[in-house]
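**Student:** Here is a sequence with its predicted model. Questions after.
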Amino acid sequence: MTKFGEIISINKPVLIDFYADWSELEPSLDTLRDVAAALGDKAKVIKIDIKKNEVLAEALRVKGNPTFMIYKNGEMKWRQTGEQDANTLIGLVQQYV
């Protein structure tokens, strides 16, 4: 939890993908790679395994999979559960750059 606080407190957008390996809806790693490549150093893109981080997922009330969140300066700016394509995610993150 402390490390999560450090990650989301930076002065650039942080896109987080809460996922579980067992889900067929889990977006491919390629989608997140495309997002990270398009944004470069303007934002961070992070995947967090729900099963390995149950306390954090519970604290953030992550119920669906995948759940995406965008944080900036420690504040949640956007949240959506369900599959998203790379272009949608890129556009959303760019709003907070």
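**Tutor:** All right, it came through fine.

**Student:** Which residue ranges of this structure form strands?
**Tutor:** If you assign secondary structure with DSSP state E, the strands in the chain sit at 14-19, 44-49, 67-72, 75-81.

**Student:** What is the third one packed up against?
**Tutor:** Taking 3 or more C-beta pairs under 8 Å, 6 or more residues apart in numbering; DSSP states H and E as the contact definition, the neighbouring helices and strands of strand 67-72 are strand 14-19, strand 75-81, helix 86-94. The C-beta positions use only the backbone N, C-alpha and C, and glycine is treated the same way.

**Student:** Show me what the second one is packed against.
**Tutor:** Using 3+ C-beta pairs under 8 Å, 6+ apart as the contact criterion, the elements in contact with strand 75-81 are strand 67-72.

**Student:** For the strand it packs on, give me every contacting residue.
**Tutor:** If you take C-beta atoms under 8 Å, 6 or more residues apart in numbering as the criterion, strand 67-72 is touched by 8, 10-18, 60, 76-81, 84, 89, 92-93, 96.
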